[in-house]
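> Sequence first, then the predicted structure:
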Amino acid sequence: MENIKTILGKFDFKGDLVSCKEFGSGHINKTYIAKYDENGTEQCYVVQRVNGNVFKNIDELMENVFAVTSYLREVIKQNGGDPDRETLHYIKTKDGAKYYRGDGNSCYRAYVFVKDSISYDFADTEELFGASGIAFGKFQRMLGGFDSGKLYVTIPNFHNTIWRYENEFLPALQLDVKNRAKNCEAEIEFINSRKNEMGKLEALAASGEIPLRVTHNDTKLNNVMFDKNTNECVCVIDLDTVMPGIALFDFADAIRFGASTAAEDEADLSKVSLNLDYFEAYAKGFLSEAGDTLNECEKANLAFASKLITLELGMRFLTDYLSGDVYFKTDYKEHNLVRAKNQLALAKDMESKMSEMNSIILNCRQ
Ligand code: ADP
Ligand code: GN1
Ligand code: MG
């Protein structure tokens, strides 16, 4: 495979290369931060190798991200904001292409590192987490006028939980290629016993009660950049899964990741629960921006969606464990099983707190 310096040379970056390091804690792509010196001024760029196993059509993916970021730039300008800081700025290759296709079909794309920004894997305070709710709510609101039908579906059925159950989980369980099903009987039972609720949001979308909107689909806390001096939200990143979708999942995925009392791969399940104060802080932030965009049916399902996506992620991690760890990056042999147990414990805790979660949403709406 080409070395990273050769890849960097394909992009239209300014100045001389000073350093390039691998960076970030994402489960899918490989991210590098490259520092350049342009006549004494530091310029930083993010270069990513896109995971071709996950994203089958990079042309469509890059069309989506260019379309959405161009649209956001205009909205941000109209609102008097700074488009260079408040949305991603992709850099084309020296040949004018949206990405570089290297050896072995590997694809790389680049954008400007958001200056003086930082991302967090865990929010130390509910204020910080609430601020990320404002960021994703604003993202939803700013894209309210963008026709979602113009976007390609980069990963079909991405948050179609019942589809994932029937077409990914059950086949993986039946094949059981690594003979691992015996290690997770309780988790399999937990998932199977919740089959009936997996199709609820899809059914509401099919009946038209929930509309398809432009959605981010991967609203983890570490997909928001904060100002490293003031901790204000600057920009939403990781736009690979921007597609037509159900907006509820953008709220829900952020809760799943950021309102848990433990990391997504914490093995000690006694530490895993939903922090209701964090849930409330995020709901307030998100609804303050996106509240007018969402309809009644969407608002009524925010708490349920949080539990559903947590169940979905538990099922996705378990599917990958059963399949021999072929999708998510893992650091050790049982990593996906630990993640699955963690997510299912969190979903169970949310079930016990569902009426409190619903009351919090009702209060935030008043
Ligand atoms: P992944 O799909 O692997 O999660 P991301 O696009 O989220 O990849 O990038 C991984 C990490 O790199 C982010 O969590 C963030 O810390 C950092 N990062 C990505 N893009 C930028 C950017 N434009 N400016 C600053 N940091 C960035
Ligand atoms: C992946 O790339 P990253 O780490 O932001 C995954 C999400 C999961 C998440 C779980 C394209 O996101 O769907 O929710 O891991 N992205 C894709 O941490 O599958
Ligand atoms: Mg990410």
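Yes, it's here. Here the structure is a predicted model, which means the values were calculated and not measured. Ligands and ions are numbered 1, 2, ... in the order given.
> could you pull out the helices for the stretch 1-150 of the chain?
Secondary structure of the stretch 1-150 of the chain, counting by DSSP state H, counting those that start in this stretch: helices at 4-8, 58-78, 83-86, 126-142.
> Ignore what I typed, I meant the stretch 201-350 of the chain.
Along the stretch 201-350 of the chain, the segments classed as helices by DSSP H, counting those that start in this stretch run 248-258, 276-290, 296-300, 302-323, 335-352.
> and the longest one, what other elements does it pack with?
Using 3 or more C-beta pairs under 8 Å, 6 or more residues apart in numbering; DSSP states H and E as the contact criterion, the elements in contact with helix 302-323 are helix 161-164, helix 170-175, helix 185-192, helix 200-206, helix 248-258, helix 335-352, helix 354-365. C-betas here are computed from N, CA, C, even on glycine.
> Against the centre of this protein, work out the most remote residue.
The C-alpha centroid of the chain is most remote from residue 39, which lies 36.6 Å away (C-alpha atoms, centre = their mean).
> any idea how far that residue is from ligand 1?
Per C-beta to the nearest ligand atom, to the nearest Å, residue 39 is found 22 Å from ligand 1.
> can you check residue 53 too?
Separation of residue 53 from ligand 1 (C-beta to the nearest ligand atom) stands at 13 Å.
> again, but for residue 211
Distance from residue 211 to ligand 1, counting by C-beta to the nearest ligand atom: 27 Å.
> Number of residues surrounding that residue?
Counted with other C-beta atoms under 10 Å, the neighbours of residue 211 add up to 16.
> and the closest residue to residue 257 other than its chain neighbours, how many neighbours?
Nearest non-adjacent residue to residue 257, counting by C-beta to C-beta, 6 or more residues apart in numbering: residue 220, 4.4 Å away. As a burial measure, residue 220 scores 20 neighbours (other C-beta under 10 Å).
> can you pull the contacts of residue 220?
Shown in contact with residue 220 (C-beta atoms under 8 Å, 6 or more residues apart in numbering): 238, 253, 254, 257, 258.
> Test my guess that the first one contacts residue 221.
No. Contact status for residue 238 versus residue 221: not in contact, 11.2 Å apart, counting by C-beta atoms under 8 Å.
> How many residues are close by the nearest residue to residue 49 once chain neighbours are set aside?
Nearest-residue entry for residue 49: residue 30, 4.2 Å, with adjacent residues in sequence omitted and distances by C-beta to C-beta, 6+ apart. Using other C-beta under 10 Å, residue 30 is surrounded by 17 other residues.
> Check residue 19 too.
Neighbours around residue 19, by other C-beta under 10 Å: 10.
> Bridged to it, which residues?
Beta-bridge partners for residue 19, by DSSP bridges, are residue 35.
> Great, nothing more from me.
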